[in-house]
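Undergrad: From the sequence below, what's the structure:
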Amino acid sequence: MGFVRKHLSLDGLLGSVCQNLRKEGLKEYEKSKISWQDCVMSGLAIFSLKFPSLLQFEEQKTNKLINRNLKTVYCVIRMPSDTCLRERLDRLSPSTLRRSFRTIFAFLQRGKVLEGQRTIVSAMPRKGCSRIFEENPRT
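TA: The predicted model follows:
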């Protein structure tokens, strides 16, 4: 596999997301005990650690290993409850995450990770794409 590039490792990508979330600074949540960054990063942890539900995350976050990973890898200082997480993430605008998405996308472009995806698009003929599927029906 070769060397792991600093910004393309899990730590690098999550660190850049965490930095960008700090820059956004939603004023709406500044007075609460749990920051909105903790909510977003906890949601990202739930997704990437493949928890099937918020309830299971709630039960497992007291596990020492999960708790340590949330703090060290995902930059979560205070773990939100499932209710808090749901309420805040439902109210969060997707445009708030735009800076983080653009940063990750730029790292992927710079690291040439997306180059393999071009092959799929460039291999498709410009006209008659629908005929490809008609000529090779599934049996």
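
Undergrad: and the residue nearest to the spatial centre of the chain, helix, strand or coil?
TA: Centroid-nearest residue in the chain: L44, 5.0 Å away (criterion: Cα atoms, centre = their mean). For L44, the assignment made with DSSP: H, G, I helix; E, B strand; the rest coil gives helix.

Undergrad: so where is the chain shaky, pLDDT-wise?
TA: 1-4, 25-31, 117-139 (pLDDT under 70).

Undergrad: Helices of that one, residue ranges please.
TA: Using DSSP state H, the helices of the chain run over residues 10-24, 36-48, 54-60, 64-72, 82-91, 98-110, 115-123, 129-135.

Undergrad: so of these, which one's packed in deepest?
TA: Compared across the helices of the chain, helix 36-48 shows the largest average neighbour count, a mean of 21 (mean count of other Cβ atoms under 10 Å). For glycine as for every other residue, the C-beta is placed from the backbone atoms N, C-alpha and C.

Undergrad: Would you check how far apart E58 and L108 are?
TA: From E58 across to L108, the span is 32 Å (Cβ to Cβ, to the nearest Å).
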